[in-house]
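Student: Sequence plus predicted model, see below.
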Amino acid sequence: MGINASIDTAVPASLFPLFADLRGRAVLVVGGGDVARRKVAALLETGADITVAASVLDRGLREWVERGRLHHREGDFEPAWLDGVMLVVAASHDRAPNRVVAEAARTRGIFVNVVDDTEASTFHIPASVRRGRLQVAVSSGGAAPVLARRVREKLEAELDDSLGVLTELLARERARIRRRFPQAGKRRHFFERLLGGDLPRLLCEGDEASAKLAFECALNEPDATRRRGSVALVGAGPGDPGLLTLKALRALQDADVILHDRLVGPDILELARRDAERISVGKRVGEGHDATQARIHALMLQHARAGKRVVRLQGGDPLVFGRGGEELDFLRAHGVAHEVIPGITAAIAGAAAAGVPLTDRRCARSVTLLSPRGRTDVDGEALAAPGQTLAIYMGVGELDALSHLLIASGRGADTPCVLIENASLPQQRTLAGTLGDLPALAREHDVHAPALLIVGEVAAHAQRAMHTGRCRGETASIAHAA
Ligand code: SAH
């Protein structure tokens, strides 16, 4: 007896994923509209021998036919058109003619995809992400194409462009690798070492020369390819995980060790590789700045020297009122491989939150980022100069002293200000007022750190923005009587 070939259509099929080589193979696309055009566009990249069948073709399809990239068949579909065809895509706008094509293909044992008709299809076209020759395809078996597309978008964000270059490099060197490691087991070890080493990161950083060197080194001195550790100084942005850069996200997903500030919230740490070691390196009670910094330096060095990929994660941007400058000096001095991945700093996030520009050709030609924290030598006069915006990173307790200093230096008590607490986070609040009344206002509304103060004519826009209700979060706005 043969195998029971009856198909139970009530059970969802487990689809067999397949990457087909269609070069020179006959493929028929039925339909001449935009849906057909999109399918043809994807098929053209495969080098298939494509025929479109439709009485009327849209402009894009017509152009391809005129340039000899496609054949065109006019008239009503006949099953004989399927002779010698390997794949069929039924992509006309109507379900009934698509089903006729599908039935004819099915009878002849030819794979057919019917657009938006899972039941009639014998193959599906997945949502896919491409990096050169490397492809990832996602399918929900027709159950939820939008979900599959969302997964695809996630992958799109996660897979670095350099993966294409990496694939190409391995393809080019394939013969040499085979000669060097004829035994499959040894070859696999070589690939594991190579891909777990510096090569992918170097390509990601666009340093093809060093990548080539790392490859040669791995090929010729397989024992010397122990991974070199590295440190990335990464900006985590103001708090909303959506404001991380793609590069920051990828660094977090590659990290072995994460040294993070207190300001970096759990939502962001959650995006990191699950088994990365997370170490909070915020200032400890009773510990001075120098001691904290020495501890961070020691941890960076210890883990990098052990061959780990270290991410030093700081709120906002690492080079704006962070410890990035000192850390860069330290890494350079100790010859540790490193890079900086910038983040959205609080001034930028605060301006966006309050709906105010930091510069505006009508009233602010420059912006000064300032952290007067505990310092008495702030040059008040320079800050009082007109036509500039001040974005002040500060402790809320300093608001009084700051306001007095600026007023005493000549900045009017009626200068518009906006204070943004927890910019970009769900609990974000903005408080608009003037240099004169803001300290009292902040006390009244019990503002806490982290908060950023924007001072200058631009802040007048904040009041307007808040009156139109454009800001999210609780908003306390005082219209100042001029
Ligand atoms: N490197 C960080 C700044 C660190 S200093 C950056 O580039 O943003 C810490 C100060 O930044 C806080 O006291 C506060 O003034 C400001 N800050 C950081 N995150 C903030 C946020 N989400 N909302 C408002 N201010 C913030």
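Tutor: Sure, I can see it.
Student: Tell me where the model's unsure across the stretch 101-250 of the chain.
Tutor: Residue ranges of the stretch 101-250 of the chain with pLDDT under 70: 222-227.
Student: Kindly report the residues of it close to the ligand.
Tutor: Within the stretch 101-250 of the chain, the positions lying close to the ligand (CB under 6 Å from any ligand atom) are 238-239. Just so you know, the C-beta spots here come from the backbone N, C-alpha and C atoms, and that holds for glycine as well.
Student: From Leu15, how far off is the residue in the chain positioned nearest to the ligand?
Tutor: The ligand sits closest to Gly316 of the chain, with a gap of 1.9 Å, by CB to the nearest ligand atom. Distance from Gly316 to Leu15, counting by CB to CB, to the nearest Å: 46 Å.
Student: neighbour-wise, which of these two wins?
Tutor: More crowded of Gly316 and Leu15, by other CB atoms under 10 Å: Gly316, with 29 against 13.
Student: How much space separates that one from Leu369?
Tutor: 10 Å.
Student: can you list residues touching both of the two?
Tutor: Thr345 (CB atoms under 8 Å, 6 or more residues apart in numbering).
Student: For the stretch 101-250 of the chain, just list every one of the helices.
Tutor: 145-158, 162-172, 174-180, 184-196, 199-204, 208-220, 246-254 (DSSP state H, counting those that start in this stretch).
Student: Turn the ones you listed into CSV, including mean neighbour count and distance to Leu70.
Tutor: Putting these into CSV (neighbours: other CB atoms under 10 Å; distance: least, CB to CB, whole Å) gives the following:
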stretch, mean neighbour count, distance to Leu70
helix 145-158, 14, 26
helix 162-172, 17, 27
helix 174-180, 12, 33
helix 184-196, 13, 39
helix 199-204, 22, 36
helix 208-220, 16, 37
helix 246-254, 19, 36
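Student: Those helices into a markdown table, with extra columns for distance to Ala36?
Tutor: Output for the helices of the stretch 101-250 of the chain, formatted as a markdown table (distance: least, CB to CB, whole Å):
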| stretch | distance to Ala36 |
| --- | --- |
| helix 145-158 | 18 |
| helix 162-172 | 28 |
| helix 174-180 | 37 |
| helix 184-196 | 40 |
| helix 199-204 | 38 |
| helix 208-220 | 40 |
| helix 246-254 | 34 |
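Student: and of those helices, who's closest to Leu402?
Tutor: Leu402 lies closest, by CB to CB, to one member of these: helix 246-254, at 31.2 Å.
Student: and the residue sitting nearest the centre point of the chain, what does it touch?
Tutor: Centroid check for the chain by CA atoms, centre = their mean gives Leu246 as the closest residue, at 2.6 Å. Applying CB under 8 Å, 6+ apart to Leu246 gives the contacts Ala157.
Student: show me where the stretch 1-150 of the chain has strands.
Tutor: Per DSSP state E, counting those that start in this stretch, the stretch 1-150 of the chain has strands spanning 26-30, 49-53, 71-73, 87-90, 111-114, 127-131, 134-138. These are given in chain order.
Student: I'd like the distance from stretch 340-358 to the chain centre, please.
Tutor: 18 Å (CA atoms, centre = their mean, to the nearest Å).
Student: State the mean pLDDT of it.
Tutor: Taken as a whole, stretch 340-358 has a mean pLDDT of 97.
Student: Only alpha carbons, please: show that stretch as PDB.
Tutor: The C-alpha trace of stretch 340-358 is given here as PDB (Å, rounded to 0.1, in the frame of the first residue of the first chain):
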ATOM      1  CA  VAL A 340      31.100  55.900  21.400                       C
ATOM      2  CA  ILE A 341      27.500  55.500  20.500                       C
ATOM      3  CA  PRO A 342      25.700  58.800  21.100                       C
ATOM      4  CA  GLY A 343      22.300  59.200  22.700                       C
ATOM      5  CA  ILE A 344      19.600  61.800  22.900                       C
ATOM      6  CA  THR A 345      20.700  64.200  25.600                       C
ATOM      7  CA  ALA A 346      18.200  65.700  28.100                       C
ATOM      8  CA  ALA A 347      18.200  69.200  26.500                       C
ATOM      9  CA  ILE A 348      17.000  67.700  23.200                       C
ATOM     10  CA  ALA A 349      14.400  65.500  24.900                       C
ATOM     11  CA  GLY A 350      13.300  68.300  27.200                       C
ATOM     12  CA  ALA A 351      12.800  70.700  24.300                       C
ATOM     13  CA  ALA A 352      10.800  68.100  22.400                       C
ATOM     14  CA  ALA A 353       8.700  67.400  25.500                       C
ATOM     15  CA  ALA A 354       7.900  71.000  26.100                       C
ATOM     16  CA  GLY A 355       7.400  71.700  22.400                       C
ATOM     17  CA  VAL A 356       9.900  74.500  22.400                       C
ATOM     18  CA  PRO A 357      12.800  75.100  19.900                       C
ATOM     19  CA  LEU A 358      16.200  75.400  21.400                       C
END
